[in-house]
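Asker: Have a look at this fold, sequence not included:
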């Protein structure tokens with residue numbers, strides 16, 4: 001059992017139709033048929049959307065995505081039309097709202113890995129492969145791969161794991177031409193982002209993207225290159241052979257499996273609320289990632 005510990009009721013806003021409540025974002029449609037995507041302060045871990053929010057997280061994710069969209073525009077168009085808060089919406093939506101094109105979304109999480117960690121590390125230790133792709137001997141936790149690899153996954157519902165799938169399965173689902181475009185674009189975007197992050201002292205270990213079609217045009221959508229969708233490591237603390245210091249919600253994950261928490265992640269019981277010191281530490285990491293990447297102070 002997993003999903004929301006406490007699923008929020010969608011807000012009723014004049015002129016908007018609520019479409020979906022996701023782990024972090026709430027999706028609406030306006031009268032023009034455009035999508036209105038609102039990033040909440042919710043956070044998730046181990047397939048649960050937790051009962052405790054991280055204040056300001058939705059704004060940080062939204063502003064970071066916008067910063068990246070600007071730097072990727074020559075590689076792939078994005079779905080953003082504007083950032084205006086719809087009339088009648090809560091003032092709190094300011095800074096966390098994107099008005100977006102309605103796309104024909106593709107059922108693929110486009111994951112790209114430049115370093116060995118997470119589920120890829122577990123598979124490598126068993127078979128010297130990641131998502132079926134053979135890798136050389138001698139790699140360890142945090143090792144840089146010989147080159148970035150495209151390791152797609154099938155999108156899962158809230159509370160379920162995304163499931164790794166082969167490139168051949170992606171081609172079967174969306175067609176060979178589209179699969180090739182997804183792989184090429186994903187690797188190109190990762191390469192651009194990796195170099196930008198590296199110049200700012202950050203390693204982009206891996207990330208995931210979502211794409212859709214606007215007519216025949218491939219468009220990048222949802223969030224992009226945030227601490228929720230990516231692993232960012234401080235370059236000056238990178239040390240292969242151990243778990244890396246990370247700009248993300250690792251404080252949350254670590255606390256949930258700690259003796260202090262006492263929660264059994266393999267049980268059917270929902271996780272407990274987060275203590276204030278974990279909320280504060282997690283928020284500080286998101287802000288640090290934003291400031292180091294963009295070179296601007298968070299306010």
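Answerer: Yep, it's here. Predicted model only: the values in this text are computed from it and were never measured.
Asker: pLDDT weak spots in the stretch 101-250 of the chain?
Answerer: For the stretch 101-250 of the chain, the stretches with pLDDT under 70 are 156-162.
Asker: In this structure, which residue is most central in space?
Answerer: residue 229 (1.7 Å; CA atoms, centre = their mean).
Asker: Kindly provide the distance from it to residue 33.
Answerer: 26 Å (CB to CB, to the nearest Å). (C-beta placed from N, C-alpha, C; glycine too.)
Asker: Outside of stretch 86-106 itself, list whatever touches it.
Answerer: 11, 13-16, 29-30, 33-40, 58-59, 61-63, 65-66, 79-85, 174, 178, 182, 210-214, 219, 221 (CB atoms under 8 Å, 6 or more residues apart in numbering).
Asker: for it, which positions count as buried?
Answerer: Neighbour counts using 16 or more other CB atoms under 10 Å place 86, 89, 93, 96-101, 103, 106 of stretch 86-106 among the buried residues.
Asker: so where do the strands sit in the stretch 101-250 of the chain?
Answerer: In the stretch 101-250 of the chain, the segments counted as strands under DSSP state E, counting those that start in this stretch are 104-105, 108-115, 129-130, 133-134, 144-150, 153-154, 163-164, 202-214, 217-221, 230-234.
Asker: The first one pairs with which strands, parallel or anti?
Answerer: I take that to be strand 104-105. When pairs are called by DSSP bridges, strand 104-105 turns out to pair with strand 202-214 (antiparallel).
Asker: now do the last one
Answerer: In the sheet, strand 230-234 lines up against strand 202-214 (antiparallel) (DSSP bridges).
Asker: and what of the second one?
Answerer: Using DSSP bridges, strand 108-115 pairs in its sheet with strand 144-150 (antiparallel), strand 153-154 (antiparallel), strand 202-214 (antiparallel).
Asker: most neighbours per residue, which of those strands?
Answerer: strand 202-214 (a mean of 21; mean count of other CB atoms under 10 Å).
Asker: Next secondary structure after the helix or strand containing residue 251?
Answerer: According to DSSP states H and E, residue 251 maps onto helix 250-256. Using DSSP H and E, the helix or strand that follows helix 250-256 in sequence is helix 276-294.
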